[in-house]
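Participant: A structural model of the following input is requested.
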Amino acid sequence: MGRTTFSWAVSSDPGLRRSSNEDSYCTRPDLGLYVVADGMGGHVAGEVASRVAVEAIEIFIQETAGADKNRTWPFPFEPALSLEANRLKAAFRLANRRIASAIADSTDLRGMATTASAILTGPEGACVAHVGDSRVYVLSESNLNQITNDHSWVEEQVRAGTMSPTAARQHPWRNVVTRALSGGEDPEVDVTQIRPVQAERYLLCSDGLFSVVGDELIAEIMADRNAPLEQLCQRLIDAANTAGGPDNITTLVLEVNAP
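Facilitator: Numbers count the residues shown, from 1 in each chain. Take a look at the predicted model:
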């Protein structure tokens, strides 16, 4: 089985109310790896957390390129998951440990944390891994579906049926995450196997987009086949800023190439 390849574009913007951008991202088509992370912690700490996590994920995926299931892994290998899913899950957990080390080295970084959402493709298939409230969507034909489940207080209320998605976008606790890479215990990483199909599009984004832009508009922008991917990324950011731009915004758009 050959590895799925993507055409891609990415854009990141501080938004209208933040002086710094604490989002980080990675695009490594040579590794089949794409990551978006949204740091938390104030001052420079959030920026450090997201950067440390993205770098750690990238390094581990690079180091394990060409590895097989007989390799010695830093965590127990899960036979129910593909090789790619095991690699990505281990990368997230190692990123969490790297954050712990950074916090131990500098008291100024205490309390920092980051979300992370990633897609990895390889010979055995493709997968999504996810911690926090950054999202991965897939646009198949004209239908937009969210692959990840937000690890946030408001999204848990939406899933429980006690809050509408519209109310969640306006709730004062909308930025409260229930799971993140924070340097504590090994995090629970959600991993989903995916089967990319030619012409499908994937969107990895931080909550600065979907906290103010509804899925209908995201789908409309993502479905435009006449615009280059770079323009779609910018239009998504423009939509968030038009809606107030209260947070940093990162948009990474992938389109599945012909096999």
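Participant: okay, and the beta partners of residue 203?
Facilitator: For residue 203, the beta-bridge partners are residue 137, residue 253 (DSSP bridges).
Participant: model confidence score at it, please.
Facilitator: pLDDT recorded at residue 203 is 98.
Participant: so it sits right up against residue 250, yeah?
Facilitator: No: Residue 203 is beyond contact range of residue 250, at 10.5 Å (criterion: C-beta atoms under 8 Å). (C-beta placed from N, C-alpha, C; glycine too.)
Participant: spatially central, which residue of the chain would that be?
Facilitator: residue 117 (2.2 Å; C-alpha atoms, centre = their mean).
Participant: which strand residues bridge that one?
Facilitator: Per DSSP bridges, the residues bridged to residue 117 are residue 36, residue 130.
Participant: with only the CA atoms kept, save the strand or helix carrying residue 48 in CSV.
Facilitator: Element membership for residue 48 (DSSP states H and E) is helix 45-63. The C-alpha trace of helix 45-63 is given here as CSV (Å, rounded to 0.1, in the frame of the first residue of the first chain):
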residue,chain,number,x,y,z
ALA,A,45,4.7,30.2,27.8
GLY,A,46,1.9,29.1,25.5
GLU,A,47,4.1,29.8,22.5
VAL,A,48,6.8,27.7,24.1
ALA,A,49,4.5,24.9,24.9
SER,A,50,3.1,24.6,21.3
ARG,A,51,6.5,24.9,19.7
VAL,A,52,8.1,22.3,22.0
ALA,A,53,5.2,19.9,21.3
VAL,A,54,5.3,20.3,17.6
GLU,A,55,9.1,19.9,17.5
ALA,A,56,9.0,16.8,19.6
ILE,A,57,6.3,15.2,17.5
GLU,A,58,8.2,16.0,14.3
ILE,A,59,11.5,14.6,15.6
PHE,A,60,10.0,11.3,16.7
ILE,A,61,8.1,10.8,13.5
GLN,A,62,11.3,11.5,11.6
GLU,A,63,13.3,9.2,13.8
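Participant: buried residues, the helix or strand that that helix is followed by. List them.
Facilitator: Using DSSP H and E, the next helix or strand after helix 45-63 towards the C-terminus is helix 83-105. Applying a neighbour-count criterion of 16 or more other C-beta atoms under 10 Å, one finds 83-96, 98-100, 102-103 buried in helix 83-105.
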